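Engineer: quick one, what's the 3D model for this:
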Amino acid sequence: MIAAFSAPGSGEVGAVTSHDVFILRLSDRQWIDHRTRISLFPELEGMGFAEAEVVSASAPTHLVFYGYSGSWDYVWMNGSRTASYDHFTAFADFPPAEWGSPLAPPWFDVLGIYAHPDNREGWATVDPSTVCMTTAHTVGPYLAFVSNDGFGPVENLVTIYDQGCSRFVQKSPFADAAPFNATGAPDPFVVQGMAYSDGLYVFLR
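Structural biologist: Sure thing, here's the model as predicted:
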């Protein structure tokens, strides 16, 4: 498997492999649909990418694949389980204020990403007003990146991107970051994809 995603309101998780896309219905844990990847996301053919995530909770639902050269943005339709290609953004064109931050994850080795709609469990613990221009003192909707820094002694990281202020606001060692600090949490090196839908689903090798 390569990536996973869950669109708000769908009650489903999509699992993306090198050739296929499988849809898991969460209510009864049944695989209910299967498409070829090229039929849904032809622009990804031959491209190297690390993960995917839904980055907007309101219509239209944007599904973004993060790759080594940039990101591919699609509009995802829950009812038909189809995607419409929107645009590609090269990594060189990512906003420097975001990806140039020391809190940004190492782009070259992202292991998994999930989007959280509201931080209801309080997994993101930083006060965002200490990092960006906001009056909020708790993180709201956010993206979490699990990555490997790749330099010196290997360290696995969890980085929080606050969607309200469009900045990376927190970087923590994997072993210290909720929910990955819970007993029985997976080894980051075997993470293949993550998706949040009233709970975090982690796909492993």
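Engineer: switch to C-alpha atoms for all contacts and neighbour counts from now on
Structural biologist: Will do.
Engineer: next one, pLDDT for residue 14 please.
Structural biologist: pLDDT recorded at residue 14 is 94.
Engineer: how near is residue 31 to residue 195?
Structural biologist: 16 Å (C-alpha to C-alpha, to the nearest Å).
Engineer: now do residue 29
Structural biologist: 14 Å.
Engineer: who has more neighbours out of these two?
Structural biologist: Neighbour comparison, residue 29 and residue 195: the larger count goes to residue 195, with 27 against 10 (by other C-alpha atoms under 10 Å).
Engineer: in what helix or strand does the more buried one lie?
Structural biologist: Here residue 195, judged by DSSP states H and E, is contained in strand 191-196.
Engineer: can you list the strands that that strand pairs with?
Structural biologist: strand 200-204 (antiparallel) (DSSP bridges).
Engineer: the strand it pairs with: which residues count as buried?
Structural biologist: 201-203 (16 or more other C-alpha atoms under 10 Å).
Engineer: same question, stretch 161-169
Structural biologist: 161-163, 165, 167-169.
Engineer: still on that earlier bit, list just the nearest of the buried residues of strand 200-204 to residue 102.
Structural biologist: Checking those against residue 102 with C-alpha to C-alpha, the nearest one is residue 202 at 26.4 Å.
Engineer: which strand residues bridge the closest one?
Structural biologist: residue 194.
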